[in-house]
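J.: Would you be able to build a 3D model of this:
(one chain, ligands or ions: 2)
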Amino acid sequence: MPESKPVILITGAAQRIGLYCAKALNRQDHKVVISYRRQRPVLDTLTEKGIDCIQADFSTAAGVEAFIDVIRQRYPRLRAIIHNASDWKTDSDQCQAEIFAQMMAVHAQAPMLINRQLASLLCTDKSDIIHLTDYVASTGSSKHMAYAASKAALENLTLSFARLLAPKIKVNAIAPALICFNEGDDEAYRQKALQKSLLRIEPGEQEVMRTITWLLESDYVTGRIIALDGGRHLKF
Ligand SMILES: NC(=O)C1=CN([C@@H]2O[C@H](COP(=O)(O)OP(=O)(O)OC[C@H]3O[C@@H](n4cnc5c(N)ncnc54)[C@H](OP(=O)(O)O)[C@@H]3O)[C@@H](O)[C@H]2O)C=CC1
Ligand SMILES: Nc1nc2c(c(=O)[nH]1)N=C([C@H](O)[C@@H](O)CO)CN2
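T.: Residues are numbered from 1 along each chain as shown. Ligands and ions are numbered 1, 2, ... in the order given. Now for the predicted structure:
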């Protein structure tokens with residue numbers, strides 16, 4: 001029996017921004033499908049809410065292909081694909097080649113393979129691909145060089161897929177600066193991070209969800225990188 005609700009796939013949604021958005025989309029009466037890498041208790045709660053949780057590790061092409069196969073088997077149609085999965089690794093002289101490969105695998109190779117192989121499942125009347133990139137894709141980074149380069153690759157893929165998949169499918173990116181701190185971030189780090197933007201706040205996950213809702217409802221936005229950065233680009 002084909003799914004009656006519009007199916008939205010969001011990757012890496014077992015915590016933080018992805019989890020927040022998966023729950024919000026589920027409340028908006030979408031059928032939500034998520035990927036997760038590591039097992040954790042919240043997955044039981046999501047399953048009870050009717051969210052389909054699929055284990056996937058995007059660090060290898062084989063892992064991405066296995067995930068794609070499961071999606072194809074379960075869902076003949078998709079309303080949207082949201083590429084949220086990400087690993088914020090710091091550069092390291094000892095294993096920078098490995099870090100670069102890992103960053104490119106999860107932030108560029110996985111979205112590219114998933115988009116190329118699942119675009120045909122996206123609804124023909126109104127459908128979206130949304131890439132979560134990062135403010136540093138446009139500025140570079142002193143401590144997360146490989147991460148920033150991989151997010152820049154994802155921003156470029158946004159442009160290529162927007163051209164390839166128009167007019168039926170809109171393809172956009174959301175480029176956040178600070179959205180939500182990590183539990184281990186100490187007060188000194190938090191204060192320094194807050195000072196990097198003009199608005200000097202930690203906006204929280206809802207800032208991303210509001211942008212996703214706006215993009216899903218749009219009829220005329222594609223190939224755009226939507227900055228969510230509190231005016232950081234004007235802070236000199
Ligand atoms: N939080 C922020 O302030 C900012 C976030 N962003 C971007 O927004 C998005 C969401 O951020 P946030 O919620 O902090 O993300 P997280 O750092 O919490 O990562 C989200 C999920 O990605 C999954 N993941 C990581 N590597 C892999 C992999 N190789 N294969 C499969 N899944 C993987 C993890 O799964 P698991 O835990 O199961 O291993 C994790 O739960 C990301 O793309 C991020 O780069 C950009 C700027 C600021
Ligand atoms: N996958 C992740 N990417 C990023 C994170 C994160 O926690 N996970 N956090 C940031 C920071 O908030 C940064 O924007 C400000 O210090 C960047 N990317």
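J.: Show me which parts of stretch 140-159 are buried, residue by residue.
T.: 141, 144-155, 157-158 (16 or more other C-beta atoms under 10 Å). C-beta here means a position set from N, CA and C on the backbone, and glycine is covered the same way.
J.: Could you work out the most separated pair of those residues?
T.: Greatest spatial distance among the buried residues of stretch 140-159 (C-beta to C-beta): 145 and 158, at 20.6 Å.
J.: Sitting in strands, which of the buried residues of stretch 140-159 do you find?
T.: Secondary structure from DSSP state E places none of those in strands.
J.: what about stretch 31-40 and ligand 2, any contact?
T.: No - using C-beta under 6 Å from any ligand atom, stretch 31-40 stays clear of ligand 2, coming no nearer than 11.9 Å.
J.: mean confidence for the helix ranked longest in the chain?
T.: Counting residues, the longest helix found in the chain (DSSP state H) is helix 145-165. Per-residue pLDDT over helix 145-165 has a mean of 99.
J.: Going by neighbour count, which residues in stretch 158-169 are buried?
T.: The neighbour-count check on stretch 158-169 (16+ other C-beta under 10 Å) flags 158, 161, 162, 165, 169 as buried.
J.: cool, stretch 61-70 as well?
T.: So stretch 61-70, judged by 16+ other C-beta under 10 Å, has buried residues 63, 64, 67, 68.
J.: still on that earlier bit, now distance to residue 225 too, for the buried residues of stretch 158-169, in a markdown table please.
T.: Shown next, in a markdown table, are these (distance: C-beta to C-beta, whole Å):
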| residue | distance to residue 225 |
| --- | --- |
| 158 | 7 |
| 161 | 13 |
| 162 | 10 |
| 165 | 16 |
| 169 | 17 |
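J.: out of the residues you listed, which one sits closest to ligand 2?
T.: Nearest to ligand 2 among these is residue 158, at 16.9 Å by C-beta to the nearest ligand atom.
J.: partners of the residue nearest to that closest one when sequence neighbours are not counted in the sheet?
T.: Nearest non-adjacent residue to residue 158, counting by C-beta to C-beta, 6 or more residues apart in numbering: residue 173, 4.3 Å away. Assessed by DSSP bridges, residue 173 has beta-bridge partners residue 131, residue 225.
J.: Check the gap between the residue nearest in space to the middle of the chain and residue 134 for me.
T.: Among the residues of the chain, residue 84 comes closest to the average C-alpha position under C-alpha atoms, centre = their mean, at 1.8 Å. Here residue 84 is placed at a distance of 12 Å from residue 134 (C-beta to C-beta, to the nearest Å).
J.: Residue 34 now?
T.: 21 Å.
J.: With residue 48 instead?
T.: From residue 48 to residue 134 the distance is 32 Å (C-beta to C-beta).
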